Each structure stands twice: as structure tokens, then as C-alpha cells.
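K.L.:
Got a predicted model here, sequence first, then my questions.
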Amino acid sequence: DTGVSQDPRHKITKRGQNVTFRCDPISEHNRLYWYRQTLGQGPEFLTYFQNEAQLEKSRLLSDRFSAERPKGSFSTLEIQRTEQGDSAMYLCASSLSVSEKLFFGSGTQLSVL
Amino acid sequence: KQEVTQIPAALSVPEGENLVLNCSFTDSAIYNLQWFRQDPGKGLTSLLLIQSSQREQTSGRLNASLDKSSGRSTLYIAASQPGDSATYLCAERGNYQLIWGAGTKLIIKP
């Protein structure tokens, strides 16, 4: 296992379309996080899973955003009815425990036209 | 609201110099603090993690310190190289979330 992988690397979509991103964490990591990052800013927390349970969701996340981790392994992040303001890098990260390092994937760059 | 501040936002130094990047945080109940490196258009790479009970961590030419009483962490880079050019972010963990700084963009001039 070489690390956290995200797919796709880039996504261009038209406003109003739905998009889905996938994240495969490091296999033994039970904690999985989704972040969003815009240019020149630090990552912004979106949501967090411990195994299959979604334990926290940012209040900034509108109801157009949903995330799942059905079997406690890979996770998907779906954005419905995309808006231009959703354009950002979407980052996934995983860790073994709260006291361990966080490992990030390369991210999915979303552009909403 | 907990905040993390990194100053300066950008730094340019000649190759070979030792340098210090600063990170300030307001959370008195910090659990741990991590330093990350980010190359343009890429994800983040964890460099060092310091638990709240620790004072510093070292990895190669990198040394990170943590002073909870003053709410500060520093990342020391020895003998800088052009390959060190990147954005360096610090993030402190309170509960589930990491609170992030906006980063310091470091340029090492050959």
C-alpha cells in the first residue's frame, strides 16, 4: 500500500451537474477526513469518519454535499447541483489514530464552469 | 474560535542558510501539532508531528519545537536547499479537527 489515493485527479463540470470523488485511505487507517482547499489558504475541514461512522460534519457544508464510507474502507464525496464557488482542491486524508500523523492524497481539483 | 497564524506569508532566502518558520496557535488544550509541506497543485506531506507532551521532534535537517505556554511552534530548516522550496503549513489538533494556518511560501534561491 503506497498511500492515500484519490480519483479523479481533475474534474471539470458545468454548473448544476453532480460530481462524485473517491478516496482510498491507507488500508489499516480507520480515520478518514475530507478537506477543501482554495489557493493560498489552508485546508478547510469538511467531514470525518471513524470506520464507517461519520462523526463530524462541518457546518460550512451545505446539504448539497454528502459523504459515505460504507464498509469503513474507501470513501466517496458527492456534490450535487455544483456551483462555481465549489471550485477547489478536495483533499482526503487518513490516520491510524488521533495521535498519529495524517497522510494526504494528491487531491481532486474541481473546476465548475 | 481557535486560530492558527503563520508569519511571514512568504520567505525567500539564499541556498545554504538556516531558517525558522513560525506558527502561533490560540488553543490552550492542544493535543498535537503537525508541520506539513505542500508543493504547487499537490497534496500535503506530513513532516513532523509533536505531541502536546513533547517539546521537539527532529527529522534529518528539520527540527520542530512546541511551546504550549506561549502558543508557538517553530520549524527549523538547516542548510536549506532549492528542493526545500514549497509551502509549509502547520496544523494543531484539538478534538477531531485540525486547525490550519494559511502557510508560509518558502523560496530557496540557488
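P.N.:
Great, that's in hand. Numbers count the residues shown, from 1 in each chain, chains lettered A, B, ... in the order given.
K.L.:
Can you tell me how far the closest residue to chain A within chain B is from B:C23?
P.N.:
Residue nearest to chain A within chain B: B:W100 (3.1 Å; Cβ to the nearest Cβ). Just so you know, the C-beta spots here come from the backbone N, C-alpha and C atoms, and that holds for glycine as well. Using Cβ to Cβ, to the nearest Å, B:W100 is found at 10 Å from B:C23.
K.L.:
Now list whatever residues contact both of those two.
P.N.:
By the contact definition Cβ atoms under 8 Å, 6 or more residues apart in numbering or on different chains, B:W100 and B:C23 are jointly contacted by B:V4, B:C90.
K.L.:
those strands in chain A, which residues are they?
P.N.:
Using DSSP state E, the strands of chain A run over A:5-7, A:10-13, A:19-24, A:31-37, A:44-50, A:53-57, A:65-68, A:75-79, A:88-95, A:103-104, A:108-112.
K.L.:
cool, and chain B?
P.N.:
So, for chain B - with DSSP E - the strands run B:4-5, B:10-14, B:19-25, B:32-38, B:44-51, B:56-59, B:62-67, B:72-77, B:86-93, B:98-100, B:104-109.
K.L.:
Out of those strands, flag the one nearest A:S94.
P.N.:
strand B:44-51 (11.3 Å; Cβ to Cβ).
K.L.:
Any residue of stretch A:82-95 touching chain B?
P.N.:
Yes: Stretch A:82-95 is in contact with chain B by Cβ under 8 Å from any Cβ of the partner chain, via A:M89, A:L91, A:A93.
K.L.:
Any part of the worst-scoring helix or strand of chain A on mean pLDDT near chain B?
P.N.:
The weakest-scoring helix or strand in chain A, judged by mean pLDDT, DSSP states H and E, is strand A:53-57 (a mean of 89). Yes: Strand A:53-57 reaches chain B (Cβ under 8 Å from any Cβ) through A:L55, A:E56.
K.L.:
what's the angle between that strand and strand A:31-37?
P.N.:
30 degrees (axes from the mean of the first three to the mean of the last three Cα atoms, to 10 degrees).
K.L.:
re the thing from before, of the strands of chain B, which shows the lowest average pLDDT?
P.N.:
The minimum mean pLDDT among the strands of chain B belongs to strand B:98-100 (a mean of 89).
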